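A.B. asks: One predicted model, sequence on top.
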Amino acid sequence: MKKTLPRLIAVLVLLALTTVFAQAQSKQDSIWERNYQKRIRKAKLNGIYIPRNLGDAHARLNQLISPEARQKFKNMTEDQVRHKLFFSLGRWITYNWGFYEGSRLSARLRKLGIYHPDDMAEFIMITYHRKMNHKELGAKALVEGFAAKRKKELEKRRKVTIISKS
């Protein structure tokens, strides 16, 4: 009896703490969701215009990028756009167009089936490059490629062996 009472108290305390943390997480999730719903309706976030859709994003990039830089961008290969510009233009797009916290453009891209902010930025850069070079955008194939890449990464993470004492 003396040994079971402390264990019982420990279990009850643990259950109470779990309930408190779950409620706090639920409240935090609902606050995040409310903020997300507000953000995806705004035309501007932090004073920066958020494009409505892909065509608007391309038009906005045309306004923001100098003619000389646009010409350099156009002359790059798609792999160069995908890899070399990811940590410059791609990061700018991700951060300023609100892909992590949500924006009307990220919500639109999610409806297309693109869920990861990095994929959203890459999608915009690749389609912009293709549009500049008068190529078919191939949006559906890009979306499918991003989905396959994310699925492969998830499977790889699930196969990781946990080191344990044996």
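C.D. replies: Good, I have the coordinates. Residues are numbered from 1 along each chain as shown.
A.B. asks: List the residues that contact the residue nearest in space to the middle of the chain.
C.D. replies: Central residue of the chain (C-alpha atoms, centre = their mean): P117, 2.1 Å from the mean position. Taking C-beta atoms under 8 Å, 6 or more residues apart in numbering as the definition of contact, the neighbours of P117 are 94, 99-100, 106. Using the backbone N, CA and C atoms, a C-beta is placed for each residue, glycine as well.
A.B. asks: just the buried members of those?
C.D. replies: Buried members of the contacts of P117, scored by 16 or more other C-beta atoms under 10 Å, are 94, 99, 106.
A.B. asks: Throw these into JSON lines and include secondary structure, distance to M76 and pLDDT, thanks.
C.D. replies: Formatted as JSON lines, the entries for the buried ones among the contacts of P117 read as follows, by DSSP: H, G, I helix; E, B strand; the rest coil; distance: C-beta to C-beta, whole Å; pLDDT from 0 to 100:
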{"residue": "T94", "secondary structure": "helix", "distance to M76": "19", "pLDDT": "96"}
{"residue": "F99", "secondary structure": "coil", "distance to M76": "22", "pLDDT": "96"}
{"residue": "S106", "secondary structure": "helix", "distance to M76": "25", "pLDDT": "97"}
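A.B. asks: Any chance of those residues in a markdown table with distance to Q63 as columns?
C.D. replies: Converted to a markdown table, the buried ones among the contacts of P117 look like this (distance: C-beta to C-beta, whole Å):
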| residue | distance to Q63 |
| --- | --- |
| T94 | 19 |
| F99 | 19 |
| S106 | 20 |
